[in-house]
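Peer 1: next comes the sequence, and after it the predicted model I'd like to discuss.
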Amino acid sequence: MERKELPEGWDIITLSDERYFQRFGGSTPSKSRKEYWDNGTIPWLSNTELNENEINYVCNTREKITPIGLDNSSTSLLPKHCVLLTCTASIGKVGINEIELSTNQQFNSFKCSGEIEPKFLAFFLLTQKNNLIKLGGSTSFCHINTVNLGKLKIPLPPHPIQRQIVAVLEQAEALKRQRQEADTLMGALLQSVFYEMFGDPVRNEKGWDVVQIRDITRESQYGCSVLGTSNGQYPIMGMNNITYEGQMELTNLKFVDLSEKEFEKFRLEKGDILFNRSNAPNLVGKTGLFRTDENFVFASYLIRLKLKFDLINPEYFWKFLNTPYMKSKFSGMCKKAVNQANINAQELQNVAIPLPPLALQQQFARVVEEVERIRERQVESGMEIEALSGGLVQRAFRGELIA
């Protein structure tokens with residue numbers, strides 16, 4: 001980015017320019033010193049508390065330190081409205097603190113002068129994630145050092161223009177949030193319908209017969225162990241392609257090359273259930289339902305269940321396995337190791353499930369079908385909003401957005 005590429009009256013500055021930014025670092029007071037943490041009153045922020053690809057407005061933190069902990073570490077007490085940027089591991093998360101707080105060592109934080117709107121800087125940093133990752137280097141442990149971070153160039157329009165840009169980008173962010181909230185509401189609606197039709201699965205107050213999963217499945221199978229890559233003949237469903245809520249996420253697919261025999265062995269069919277058998281302890285048990293006729297295979301961290309359709313409807317089974325009750329049950333069942341947990345196919349098939357009349361299950365499936373149609377339209381709308389928002393952001397920092 002060169003000054004000649006920007007509108008008249010704009011400047012280019014860097015994050016190291018002390019006329020505009022005061023930088024603060026962070027650190028972790030020793031966890032072995034109880035007096036640094038017990039009954040702490042000073043909010044202390046970890047990078048894991050921020051979401052990706054949005055401005056996080058921080059009003060509270062999971063952990064707090066004591067004044068003694070603050071004084072005996074190199075973390076700083078940040079004034080309100082600093083721009084927070086993660087520079088290690090999960091590089092490029094951005095926040096603004098609405099309260100005074102301290103942070104761990106993964107943050108560089110910036111107090112802006114009166115000539116710069118904090119939200120303007122925050123929005124700009126969101127556009128720089130790829131550049132920031134490059135600054136972090138190509139080693140397995142990415143870290144942006146202070147010198148390299150300070151070289152980051154920032155377009156600086158006059159203050160009134162900054163405010164106009166922020167106002168436009170906030171409107172775009174509000175549209176994205178509304179779309180996300182609508183998706184959340186659809187999920188809540190479906191869960192409400194499930195409980196209304198079938199009752200609480202914990203109490204089974206409607207007195208449905210209870211069977212084991214093995215009684216209503218024709219087959220269970222572990223997935224393909226071939227490592228997926230960015231190129232290949234067949235898209236492969238992995239554990240990261242199933243969301244915590246049980247939706248299929250197909251935007252980041254990997255691919256594999258298989259013989260015809262292997263493809264037929266692992267080919268997914270409409271109505272197949274995919275159970276995430278191995279993952280972080282809180283994610284074991286994510287369950288997806290394959291709803292298309294496209295040629296997909298599935299990976300080894302998943303168990304594929306083929307159901308007896310004359311006994312159970314896939315939509316009912318899918319939703320039952322994604323209820324909070326079952327998520328808690330799977331969490332308690334799984335064998336836990338360091339950062340990993342597991343449930344095998346036999347353990348899964350031993351799980352009990354209420355079996356309402358098939359006609360009632362099919363009635364629920366028709367509700368799911370309508371909800372999924374609405375969700376698909378929401379996804380398409382969300383993609384349009386994302387594209388619009390991305391275009392607005394790029395135009396804003398080239399000086400093309402505000403006349």
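Peer 2: Received it, and whenever you're ready, just let me know what you need.
Peer 1: residues in contact with residue 23?
Peer 2: Residues near residue 23 by CB atoms under 8 Å, 6 or more residues apart in numbering: 15, 16, 108, 109, 110, 146, 150. Just so you know, the C-beta spots here come from the backbone N, C-alpha and C atoms, and that holds for glycine as well.
Peer 1: redo those residues as JSON lines? Include distance to residue 269 and pLDDT.
Peer 2: JSON lines is the format used below for those (distance: CB to CB, whole Å; pLDDT from 0 to 100):
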{"residue": "15", "distance to residue 269": "53", "pLDDT": "95"}
{"residue": "16", "distance to residue 269": "58", "pLDDT": "95"}
{"residue": "108", "distance to residue 269": "50", "pLDDT": "96"}
{"residue": "109", "distance to residue 269": "52", "pLDDT": "97"}
{"residue": "110", "distance to residue 269": "53", "pLDDT": "98"}
{"residue": "146", "distance to residue 269": "54", "pLDDT": "91"}
{"residue": "150", "distance to residue 269": "55", "pLDDT": "93"}
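Peer 1: and which of those is nearest residue 237?
Peer 2: residue 108 (38.1 Å; CB to CB).
Peer 1: quick one: secondary structure of residue 29?
Peer 2: Look at residue 29: counting by DSSP: H, G, I helix; E, B strand; the rest coil, its state is coil.
Peer 1: next, count neighbours for it.
Peer 2: 24 (other CB atoms under 10 Å).
Peer 1: cool, residue 166 as well?
Peer 2: Residue neighbour count, defined by other CB under 10 Å, stands at 18 for residue 166.
Peer 1: could I get the contacts of residue 23 as CSV with secondary structure, neighbour count and distance to residue 92?
Peer 2: Shown next, in CSV, are the contacts of residue 23 (DSSP: H, G, I helix; E, B strand; the rest coil; neighbours: other CB atoms under 10 Å; distance: CB to CB, whole Å):
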residue, secondary structure, neighbour count, distance to residue 92
15, coil, 21, 14
16, coil, 15, 18
108, strand, 24, 12
109, strand, 24, 14
110, strand, 22, 14
146, helix, 12, 16
150, helix, 16, 16
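Peer 1: which one of these is nearest residue 370?
Peer 2: Closest to residue 370, out of all of those and judged by CB to CB, is residue 109, at 46.9 Å.
Peer 1: roughly how far apart are that closest one and residue 91?
Peer 2: 15 Å (CB to CB, to the nearest Å).
Peer 1: and residue 261, by the same measure?
Peer 2: Per CB to CB, residue 261 is found 43 Å from residue 91.
Peer 1: in CSV: the contacts of residue 23, plus distance to residue 362.
Peer 2: Formatted as CSV, these follow (distance: CB to CB, whole Å):
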residue, distance to residue 362
15, 59
16, 64
108, 56
109, 55
110, 57
146, 62
150, 63
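Peer 1: which one of the residues you listed is nearest to residue 276?
Peer 2: residue 108 (35.5 Å).
Peer 1: my read: the closest one touches residue 91, true?
Peer 2: No: counting by CB atoms under 8 Å, residue 108 sits too far from residue 91 to count as a contact (10.7 Å).
Peer 1: so who does residue 290 touch?
Peer 2: Residues in contact with residue 290 (CB under 8 Å, 6+ apart) are 237, 248, 268, 269, 270, 271, 272, 273, 274, 296.
Peer 1: could you do residue 48 as well?
Peer 2: By CB under 8 Å, 6+ apart, residue 48 lies in contact with residue 90.
Peer 1: same deal with residue 237?
Peer 2: 223, 248, 253, 268, 274, 288, 290, 296, 297, 298, 299, 302.
Peer 1: follow-up on the earlier one: closest one to residue 6 out of the contacts of residue 23, please.
Peer 2: Out of those, the member with the shortest distance to residue 6 (by CB to CB) is residue 15, at 17.5 Å.
Peer 1: distance of that closest one relative to residue 88?
Peer 2: Applying CB to CB, the value for residue 15 to residue 88 is 16 Å.
Peer 1: then residue 184 would be within a helix, right?
Peer 2: Yes: counting by three-state DSSP, residue 184 falls inside a helix.
Peer 1: count of neighbours near it?
Peer 2: The number of residues packed near residue 184 is 11, by other CB under 10 Å.
Peer 1: how close does it sit to residue 375?
Peer 2: With distances taken as CB to CB, residue 184 is found 11 Å from residue 375.
Peer 1: circling back: which residues do residue 108 and residue 91 both contact?
Peer 2: Residues touching both residue 108 and residue 91 by CB under 8 Å, 6+ apart: residue 144.
Peer 1: of residue 261 and residue 91, who's got more company?
Peer 2: Per other CB under 10 Å, whichever of residue 261 and residue 91 has more neighbours is residue 91, with 20 against 7.
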